[in-house]
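Student: Predicted model follows, preceded by the sequence.
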Amino acid sequence: MPRLNHVIESQQFTLPLIHEVFQVADQMEKILDRGGTLDYQNKIMASLFYAPSTRTRFSFESAMYRLGGKVITTEQAHMFSSVIGGETLEDTIRVVSNFADVIVLRHTEIGAAKRASLVSKVPIINAGDGKGGQHPTQALLDLYTIYKELGYIDGLKVAFVGDLEQGRTVRSLAYLLGKFERVMLYFIAPDFLQIKEDIQDYLTRHNVWFTLENDLNKVISEVDVVYVTRIEKERFGDKIELYEKTVKNYFIDKDMLQKLKQRAIIMHPLPRLNEISIEVDDDPRAVYFKQTRNGLLVRMALLTMVL
Amino acid sequence: MPRLNHVIESQQFTLPLIHEVFQVADQMEKILDRGGTLDYQNKIMASLFYAPSTRTRFSFESAMYRLGGKVITTEQAHMFSSVIGGETLEDTIRVVSNFADVIVLRHTEIGAAKRASLVSKVPIINAGDGKGGQHPTQALLDLYTIYKELGYIDGLKVAFVGDLEQGRTVRSLAYLLGKFERVMLYFIAPDFLQIKEDIQDYLTRHNVWFTLENDLNKVISEVDVVYVTRIEKERFGDKIELYEKTVKNYFIDKDMLQKLKQRAIIMHPLPRLNEISIEVDDDPRAVYFKQTRNGLLVRMALLTMVL
Amino acid sequence: MPRLNHVIESQQFTLPLIHEVFQVADQMEKILDRGGTLDYQNKIMASLFYAPSTRTRFSFESAMYRLGGKVITTEQAHMFSSVIGGETLEDTIRVVSNFADVIVLRHTEIGAAKRASLVSKVPIINAGDGKGGQHPTQALLDLYTIYKELGYIDGLKVAFVGDLEQGRTVRSLAYLLGKFERVMLYFIAPDFLQIKEDIQDYLTRHNVWFTLENDLNKVISEVDVVYVTRIEKERFGDKIELYEKTVKNYFIDKDMLQKLKQRAIIMHPLPRLNEISIEVDDDPRAVYFKQTRNGLLVRMALLTMVL
């Protein structure tokens, strides 16, 4: 197994390492089906969340428990610094790395996980650092879901739909997909929510085919994956009409489903607001709740790889 | 053991099922006296609390740990929906049921546990849903305490004292008691805090004898159980004098104790404010702290029955 | 092993008991190096924090997990009393002692741990009660660090630097040091932050040599231990200049280090604000992060001793 010290950013995952993660995740599924393992009974994971994200925290903690381990946890990690008035992240990490064998860090500042890894005595796993930062385990679980559902990634046509400008998951996943062969990416959003130029430049530099598009109807029948993201009302300020029109234009309902290939899949990082009709949930192509389970497997895999 | 899928409301507990719960709780006491078991080492319980209730949460989590299991926990479950702006309870349950083998749900809306059970892949246990909703495990632990302390339930005379209008525990317990033979219920409260008509109608329909009464002194010497509930100051607005008079009228102190039968018991769901004098605590008839321990046993029993 | 029922205050630790704690802590280090033990698998610790202190909580919880035990936890214990409107600490402790085998209590009121111990069915460990109260496990871990780093305590010269008036850790540690032979204590602070008279009186009564001093430069080269504490900005109100001058006067940097004995050590209870330059961190005499690890060992020792 390639040695994995910290999980900081998507960039560190080479193709061989990605495949290794997938293989270990496959093994984890067998362990999970047997009810878990007690192999890591002597290991402690610290959930160090500077901002609440119960979904992500539960996923990691469930993963650690399925491996037999223990968890110390806080969603109030900012209290380490703010109450008294300013301990550095570095000092906090030095302290907490005495208490745990691995630290899962959620932070509000871009680069926090990297900084933590430089002083930590134990592995750091980045569980999201900042709005425009990284969330590599989410990107890996998305990629793993595609791989598991469709069997391969090379040559796939993947549509990203919704608010692509802010979507951390879209940015990270686009990055990872760009490592595979002949992948084609469709960024489908109104102009003011389109994917940023830095990702476009990255894809261009790496010869990844992509296109920007406003109209979901034009491409829905062509693609293998539809990756839908939240469109947040607050992004529209007082332009309520524009918000409602945008939601409507990219709404996935039964009608939209009929245009989709039979073997395609619909993904969503959750939480879903009103981007996908609940009537879609029972369609076998709707895999967003499977993503949750795959997240558990990928996080179990990453924990075993760093421990 | 009768198959128990979810624990949603008192209504689902038939007499045979209630006796089954009591039997399993008795077994749990033996397990607890041995320090617990490791039988459920591979099981994870999620404490999903949309409102804080550390007492109830600790009771369930201690129960799960005594069974050898693991716990993932939040008292901030509303963050699942409110931060981003509105994930449904159903989506949250679908997600969390990937991470746990049983979900203990505390919610602010009546019927939330039922809704959760309809989409969950794992058992749901209702740990309270809404002020006028259900709290079935509390009702079962109250009933179990009566059964354990007095040896039987048929024919008992039970007085409910205090704020009976809002008391979720009183309502649920009255419901369960109504399933037993020849039980007599005394609802003792000022008129404006009396038990609501829906419970009265229910009892009438099921031929359960009951009476409404203002004066505790009139019945205290007759009854086998005195179930005291909190009288909250805020319920009285600026009528401070009325509040103080009401508290005084229903106050259980040593004088009141002397009127009570030797084999009777005094119960309280806790927290106690100023309804019972601390000088009563050492009286063997005061069983309110035993209720806490019985709650642990009943919750261990319910967990084993659904798992 | 001497029977230890509760850990309430420094005063209860006699010299033999202190040495016992040190010996058990040394054993714990061996257990920790092997990855921990599962001996306490059937034991539950309750972290009952009426005010958040993630650092202290993590230290105790990691200790309990390294012993194989389980943890139920809250940093919102004030909710036990405040939501409904006033359950006593005593009632809360009676309830929680049904759910756990040991209670670690952090409270905002002086004497809370003592009160808790009087009604608890299980051992209470004081994890800090009130600003001017006790934090005996911190004092023990500080003392253990000195003992472990320097090999002995009798005859040592210990300088306390910073805000000594409020420092709970300084007060408790001064108390414990006073039990050893020929110890010499230097309290180095501006007059308005000096150690209070109660501690001075205590030391005088017990024939412990001590001196009050403003200038760190005068004694830095003589002492074996420099115990630095936080100087909080808020203590200075709007006297920003005085704050900055004070911080500067007691700042430990490389220049200050050069005056320090080669075998001396620099301690800090953490969190550090700007009392010690990060350039000092790599100096072998800087032991403040070792204190964290020693805290884990001491808390493991205390847990095994009360359980």
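Tutor: In hand now; what should we look at? Numbering: from 1, shown residues only, chains lettered A, B, ... in the order given.

Student: tell me the centre residue of chain A?
Tutor: Geometric centre of chain A, nearest residue: residue A:138, 1.7 Å, by Cα atoms, centre = their mean.

Student: Just give the closest residue to that residue, not the sequence neighbours.
Tutor: residue A:169 (5.1 Å; Cβ to Cβ, 6 or more residues apart in numbering or on different chains). All C-beta atoms are positioned from the backbone trio N, CA, C, and that covers glycine.

Student: Show me what the one helix or strand the one you found maps to is in contact with.
Tutor: In this structure, residue A:169 is located in helix A:168-177 according to DSSP states H and E. Residues outside helix A:168-177 that contact it (Cβ atoms under 8 Å, 6 or more residues apart in numbering or on different chains): A:10-11, A:13, A:18, A:128, A:131-136, A:138-140, A:142-143, A:153, A:156, A:158, A:160, A:164, A:183, A:185, A:195-196, A:199, A:202-203, A:208, A:227, A:229, A:269.

Student: For the residue nearest to the centre of chain A, report the pLDDT, please.
Tutor: On pLDDT, residue A:138 comes in at 95.

Student: in the stretch 151-300 of chain A, which spans are strands?
Tutor: Assigned by DSSP state E, counting those that start in this stretch, the stretch 151-300 of chain A shows strands spanning A:157-161, A:184-188, A:209-213, A:225-228, A:265-267.

Student: what is the mean pLDDT for stretch A:149-159?
Tutor: 97.

Student: and the end-to-end length of that stretch?
Tutor: 16 Å (Cα to Cα, to the nearest Å).

Student: Tell me the residues on chain A that lie near chain B, please.
Tutor: Within reach of chain B by Cβ under 8 Å from any Cβ of the partner chain, chain A has these residues: A:35-36, A:38, A:52, A:54-55, A:57-59, A:61-62, A:65-66, A:68, A:71, A:75, A:230, A:232-234, A:270-273, A:278, A:289, A:292-293, A:296.

Student: which of the residues you listed count as buried?
Tutor: A:36, A:52, A:54-55, A:57-59, A:61-62, A:65-66, A:68, A:71, A:75, A:230, A:233, A:270-273, A:289, A:292-293, A:296 (16 or more other Cβ atoms under 10 Å in any protein chain shown).

Student: Just the ones in helices from those residues, please.
Tutor: Counting by DSSP state H, those place A:54-55, A:57-59, A:61-62, A:65-66, A:289, A:292-293, A:296 in helices.

Student: between those residues, which is closest to chain C?
Tutor: Nearest to chain C among those, counting by Cβ to the nearest Cβ, is residue A:65 at 11.8 Å.

Student: residues touching the closest one, list them.
Tutor: Applying Cβ under 8 Å, 6+ apart to residue A:65 gives the contacts A:36, A:71, B:44, B:70, B:72.

Student: Which of those residues sits closest to residue C:218?
Tutor: Of all the contacts of residue A:65, residue A:71 has the smallest distance to residue C:218: 48.8 Å, by Cβ to Cβ.

Student: my guess is the closest one meets residue A:45, correct?
Tutor: Yes: counting by Cβ atoms under 8 Å, residue A:71 touches residue A:45, with 5.1 Å between them.

Student: anything in contact with each of those two?
Tutor: Common neighbours of residue A:71 and residue A:45, using Cβ under 8 Å, 6+ apart, are A:61, A:64.

Student: Compute the distance between the residue nearest to residue A:138 and residue C:256, please.
Tutor: 49 Å (Cβ to Cβ, to the nearest Å).

Student: Helices of the stretch 1-150 of chain A, start to end?
Tutor: Using DSSP state H, counting those that start in this stretch, the helices of the stretch 1-150 of chain A run over A:15-33, A:54-66, A:79-82, A:89-96, A:112-119, A:136-150.

Student: Phi, psi for whatever residue of the stretch 201-307 of chain A ends up closest to chain B please.
Tutor: With Cβ to the nearest Cβ, the shortest gap between the stretch 201-307 of chain A and chain B falls at residue A:271, namely 3.6 Å. The phi/psi pair for residue A:271 (degrees, to the nearest 10) reads phi -70, psi 140.

Student: Tell me how far it lies from residue B:237.
Tutor: From residue A:271 to residue B:237 the distance is 39 Å (Cβ to Cβ).

Student: same deal with residue A:10?
Tutor: Distance, residue A:10 to residue B:237, by Cβ to Cβ: 58 Å.

Student: higher neighbour count, those two?
Tutor: residue A:10 (24 against 9; other Cβ atoms under 10 Å in any protein chain shown).

Student: Quick one, grab the pLDDT at that one.
Tutor: Note on residue A:10: pLDDT of 90.

Student: same thing with residue A:85?
Tutor: Residue-level pLDDT assigned to residue A:85 equals 57.

Student: Which positions in the stretch 1-150 of chain A make contact with chain C?
Tutor: A:41-44, A:46, A:70, A:72, A:74, A:76-77, A:79-81, A:83-87, A:90-92, A:94-96, A:98-100.

Student: List the contacts of residue A:252.
Tutor: Per Cβ under 8 Å, 6+ apart, neighbours of residue A:252: A:161, A:226, A:228, A:266, A:275-277, A:280.

Student: pretty sure the residue nearest to the centre of chain A contacts residue A:269?
Tutor: Yes: with contact defined as Cβ under 8 Å, residue A:138 reaches residue A:269; the gap is 6.3 Å.

Student: neighbour-wise, which of residue A:169 and residue C:256 wins?
Tutor: residue A:169 (21 against 18).

Student: and the gap between the more buried one and chain C?
Tutor: From residue A:169 over to chain C the distance is 28 Å, taken as Cβ to the nearest Cβ, to the nearest Å.

Student: Turn the contacts of residue A:65 into TSV, including pLDDT and distance to residue A:23.
Tutor: What follows is the contacts of residue A:65, written out as TSV (pLDDT from 0 to 100; distance: Cβ to Cβ, whole Å):
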residue	pLDDT	distance to residue A:23
A:36	94	19
A:71	98	25
B:44	98	25
B:70	97	26
B:72	98	27
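
Student: Filter these down to just the ones in strands.
Tutor: Under the assignment DSSP state E, the contacts of residue A:65 contribute A:71, B:44, B:70, B:72 to strands.

Student: Drop anything exposed from the contacts of helix A:168-177.
Tutor: Buried, going by 16+ other Cβ under 10 Å: A:10, A:13, A:18, A:128, A:133-136, A:138-140, A:142-143, A:153, A:156, A:158, A:160, A:164, A:183, A:185, A:195, A:199, A:203, A:208, A:227, A:229, A:269, out of the contacts of helix A:168-177.

Student: For chain A, name the helix or strand with the lowest mean pLDDT.
Tutor: None of the helices or strands of chain A scores lower by mean pLDDT, DSSP states H and E than helix A:79-82, at a mean of 66.

Student: which regions of chain A sit below the pLDDT cut-off?
Tutor: Applying pLDDT under 70 to chain A picks out residues A:1-2, A:81-85.

Student: tell me the domain ranges of chain A?
Tutor: A:36-134, A:137-292 (automatic domain parsing).

Student: Quick check: end-to-end length of stretch A:231-251?
Tutor: Termini of stretch A:231-251 sit 10 Å apart (Cα to Cα).

Student: meant to ask about stretch A:224-242
Tutor: 29 Å.

Student: Stretch A:33-49 now?
Tutor: Stretch A:33-49: ends 29 Å apart by Cα to Cα.

Student: quick one: the residue lying closest to residue A:182 once chain neighbours are set aside and residue A:51, what's the gap?
Tutor: The shortest distance from residue A:182 to any non-neighbouring residue, by Cβ to Cβ, 6+ apart, is to residue A:155 (4.5 Å). Computed as Cβ to Cβ, the residue A:155 to residue A:51 distance reads 38 Å.
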